[in-house]
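*Asks:* predicted model and sequence below, questions to follow.
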Protein chains: 2
Amino acid sequence: MNRGTDGKRRSVTIHDVAREAGVSRGTVSRVLNGGHYVSPSAQAAVNAAIRRTGYVVNRHARSLITGKSDSVAFLLTEPQERFFEDPNFNVLLRACTQALAAQDIPLLLMIAGTEAERRRNLRYIRAGHVDGVLLVSSHSGDPVGSELDAAGVPVVACGKPLGQKAKVGYVAADDRDGARSMVRHLYESGRRRIATVTGPPDTPGGIDRLAGYRDVLAECGLPVDESLIVAGDYSRASGETAADLLLERAPDVDAVFVASDLMAHGVLNALTRAGRRVPDDVAVGGFDDSPAALSTRPALTTVRQPWERISSEMVRMLLGRIKGDDPAAVILPTELVRRESA
Amino acid sequence: MNRGTDGKRRSVTIHDVAREAGVSRGTVSRVLNGGHYVSPSAQAAVNAAIRRTGYVVNRHARSLITGKSDSVAFLLTEPQERFFEDPNFNVLLRACTQALAAQDIPLLLMIAGTEAERRRNLRYIRAGHVDGVLLVSSHSGDPVGSELDAAGVPVVACGKPLGQKAKVGYVAADDRDGARSMVRHLYESGRRRIATVTGPPDTPGGIDRLAGYRDVLAECGLPVDESLIVAGDYSRASGETAADLLLERAPDVDAVFVASDLMAHGVLNALTRAGRRVPDDVAVGGFDDSPAALSTRPALTTVRQPWERISSEMVRMLLGRIKGDDPAAVILPTELVRRESA
DNA sequence: TTCTCTACTGTGAACGCTCACAGATGCATG
DNA sequence: CATGCATCTGTGAGCGTTCACAGTAGAGAA
């Protein structure tokens, strides 16, 4: 919908380009869509005409006939408090828009904080208004993935979907291995009373990171003291209360592996409040390498999730699924980032 | 694009509904678009048919003929660090999607962190792929608003656009008055050496909040000590260095009005590090009432920006502009939120 | 030469919807 | 009884694209 030179709303169509270039609509269309079976001269003429006229394709007309919208939804099913608190979502969102922009595909943001919104968004997606869905929800038992999959909508989730028989593709960091590298690091710096603050047990982060913790204890011949294991919900506040509980149960704790940076932030607060020095008295290791990890004092040693790669993989996989590929699982390696807290 | 009962991709069209309801396409279309000039019986028959067939309108076909996309862009022109750090964007984003969802209008998220992205997004918007733009950028000297306006795209900005002759509508909180109420509060709790950490001087938050600060000093007969005025860039880190500078320049400072919660967070950190107790030694007041304000210790006394109302006003105004309304300016009142820091 | 194959091009027919218009009906008015 | 008006309904056209198909030209093979 460009303004013509006369200021009147008048869009230049493929027809105008064809006339300008002295070819037919079909040829222009072919140039637009990859340029196969088009002579170099026609190709050039069309491109020149496009540049001269300022033509841009009418996506609606195209979508009407192709039956695809050339857009994808980013569906976030999280309570809004989490969305407000956790900058990881921002990182993910940013990287996904970037990856999609490279393909000229717009991202429709859908935030399903409530049940009503969830339904509304699902209805919209099911109606076929988007080609696929990037699904983000830490609570990955959420059946929304399977539901969409059952409706024939390509879905790629961020994080391993739990207990789903449906074949939704997903991209995730290697939680278990990441946890292992962190706990191993704590052990190697001489810590022997290593506690952990886990995520909710219905999330892969809650399960696998705890498993990694147990792996290393076993590996190093350290006894597993269940009182050193406290569950949080990924929020900063829950990290704080978890640390309080930990200090009460085991005042001799000398390291804490925390399953998220946000919770680690809370743990740091609680520790400081209790007069423990970090890392001298207690070492603290986080998980995520979210932007929040840099703002703690001391700066947080953490396990880096490769958000950019996760995002670009999600996009790549989703576009593949839209083209008919089968769902897959991609597990990306993590990296230990040593800062000051451990 | 629903699957038929046979599992084959086959969408039910307005034609099918018409046949099912025993009326014509035109009548179905009229029911779909408000139901004027439709008899109650036809109305009912059509609605029943729609329900039976599970019909959903094909937005592309509609858009092709109406020339509108029934979607709007949310354009964020900020360096990504700010987007990652400041939860206010999340609040705004959330509230805007919500307000738009109520009208069944999808939100296209565009993040222009770099110049290249800015260009790409502008091109997309100019191409007419969206009906309007919700513009968010703290750096409101940004000419992107005028550029879009000049291209005939309806724009509503968040925050007062600075030094723009173009007629972009905007919604903002009453920065000056909000600052006044906070500084007045500090004065009334007995503080006499009140410093301020301002935002960048090319933002309304930087200018107007400082003006409010000056207003109250004058009003109360307090001398304006320029060494008590330090500029930040809204980031937590800048708040921290600003506070360091402040303590060095004026060790007797007993209150700080900070132009954003994020910076206030930094100020709090610096103060604590310097051994000052808050609010006993130094009172700290923020601005925004962002989610971050609750996570500080002590909890931050701040000036609440009515984000939900700002968002819904922005959406309301944008939809109006799309329908042809003239741009307007809406200034919303702020509210002092007393917590622990002042 | 004649036939086939490949590379390229143009054309009509959709896609599913809205819009303008023409027609029909019922009711009050002249 | 004709006229006007308001309410309601159906029909054809067309939005701007892609797609399938038919067709052309030139090169090489039989």
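*Replies:* Now that the structure is in, tell me what you want to look at.

*Asks:* next, count neighbours for the residue of the stretch 101-250 of chain A found nearest DNA strand D.
*Replies:* Nearest residue of the stretch 101-250 of chain A to DNA strand D, counting by CB to the nearest atom of the strand: residue A:104, 12.3 Å away. For every residue, glycine as well, the C-beta is placed using N, CA and C. When neighbours are counted by other CB atoms under 10 Å in any protein chain shown, residue A:104 registers 12.

*Asks:* from residue B:71, how far out is it?
*Replies:* Per CB to CB, to the nearest Å, residue A:104 is found 15 Å from residue B:71.

*Asks:* low-confidence regions, the stretch 151-300 of chain A specifically.
*Replies:* Within the stretch 151-300 of chain A, the ranges that satisfy pLDDT under 70 run A:163-166.

*Asks:* state the distance from the residue of it found nearest chain B to residue B:179.
*Replies:* Closest contact between the stretch 151-300 of chain A and chain B, by CB to the nearest CB, is at residue A:291 (4.1 Å). Going from residue A:291 to residue B:179 by CB to CB gives 28 Å.

*Asks:* one more: residue A:220?
*Replies:* 56 Å.

*Asks:* which of those two has more residues huddled nearby?
*Replies:* Legend: neighbour count by other CB under 10 Å for residue A:220 and residue B:179, higher for residue B:179 (28 against 13).

*Asks:* nearest residue to that one in space, ignoring adjacent ones along the chain?
*Replies:* Nearest residue to residue B:179, sequence neighbours excluded (CB to CB, 6 or more residues apart in numbering or on different chains): residue B:212, at 2.7 Å.

*Asks:* quick one, what contacts the one you found?
*Replies:* B:175, B:176, B:177, B:178, B:179, B:180, B:182, B:183 (CB atoms under 8 Å, 6 or more residues apart in numbering or on different chains).

*Asks:* one more pass at 10 Å, please.
*Replies:* Residue B:212 makes contacts with B:174-184, B:196, B:257, B:259, B:287, B:303, as judged by CB atoms under 10 Å, 6 or more residues apart in numbering or on different chains.

*Asks:* end to end on stretch A:292-301, go ahead and measure it.
*Replies:* Start to finish, the residues bounding stretch A:292-301 are 11 Å apart (CA to CA, to the nearest Å).

*Asks:* now do stretch A:271-279
*Replies:* Distance across stretch A:271-279, first residue to last, is 10 Å (CA to CA).

*Asks:* elements contacting the helix or strand that contains residue A:119?
*Replies:* Using DSSP states H and E, residue A:119 sits within helix A:115-124. For helix A:115-124, the elements it packs on are strand A:72-76, strand A:107-111, helix A:144-150, helix B:88-101, judged by 3 or more CB pairs under 10 Å, 6 or more residues apart in numbering or on different chains; DSSP states H and E.

*Asks:* just give me the neighbour total for residue A:178.
*Replies:* For residue A:178, the count of nearby residues is 27 (other CB under 10 Å).

*Asks:* which bits of chain A sit near DNA strand C?
*Replies:* Contact residues (CB under 7 Å from any atom of the strand) of chain A with DNA strand C: A:22-27, A:30, A:37-42, A:61, A:64-65.

*Asks:* flag whichever of these scores worst on pLDDT.
*Replies:* Lowest pLDDT of the residues of chain A next to DNA strand C: residue A:37, 89.

*Asks:* how about residue A:121: what's its closest non-neighbour residue?
*Replies:* residue A:110 (4.4 Å).

*Asks:* measure how far stretch A:212-232 is from the centre of its chain, please.
*Replies:* How far stretch A:212-232 lies from its chain's middle: 28 Å, per CA atoms, centre = their mean, to the nearest Å.

*Asks:* buried stuff in it?
*Replies:* For stretch A:212-232, a neighbour-count test (16 or more other CB atoms under 10 Å in any protein chain shown) marks A:212, A:213, A:214, A:215, A:216, A:217, A:222, A:228, A:229, A:230, A:232 as buried.

*Asks:* thought residue A:332 was touching residue A:160?
*Replies:* No. Assessed by CB atoms under 10 Å, residue A:332 is found out of contact with residue A:160, at 11.8 Å.

*Asks:* in terms of packing, which of those two has more residues around it?
*Replies:* residue A:160 (19 against 16).

*Asks:* does the more buried one count as helix, strand or coil?
*Replies:* Per DSSP: H, G, I helix; E, B strand; the rest coil, the secondary structure class of residue A:160 is coil.

*Asks:* so residue A:196 is in which element?
*Replies:* In this structure, residue A:196 is located in strand A:194-198 according to DSSP H and E.

*Asks:* mind exporting the C-alpha coordinates of stretch A:118-132 to PDB?
*Replies:* Output of stretch A:118-132 as PDB, limited to C-alpha atoms (Å, rounded to 0.1, in the frame of the first residue of the first chain):
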ATOM      1  CA  ARG A 118      -4.600 -19.400  26.100                       C
ATOM      2  CA  ARG A 119      -7.900 -20.400  24.500                       C
ATOM      3  CA  ARG A 120      -8.000 -17.300  22.400                       C
ATOM      4  CA  ASN A 121      -4.500 -17.700  21.200                       C
ATOM      5  CA  LEU A 122      -5.100 -21.400  20.400                       C
ATOM      6  CA  ARG A 123      -8.200 -20.500  18.500                       C
ATOM      7  CA  TYR A 124      -6.300 -18.000  16.500                       C
ATOM      8  CA  ILE A 125      -3.500 -20.400  15.700                       C
ATOM      9  CA  ARG A 126      -5.800 -23.200  14.900                       C
ATOM     10  CA  ALA A 127      -7.700 -21.000  12.400                       C
ATOM     11  CA  GLY A 128      -4.600 -21.200  10.300                       C
ATOM     12  CA  HIS A 129      -3.600 -17.600  10.600                       C
ATOM     13  CA  VAL A 130       0.000 -18.600  11.200                       C
ATOM     14  CA  ASP A 131       2.200 -21.200   9.600                       C
ATOM     15  CA  GLY A 132       3.800 -22.400  12.800                       C
END
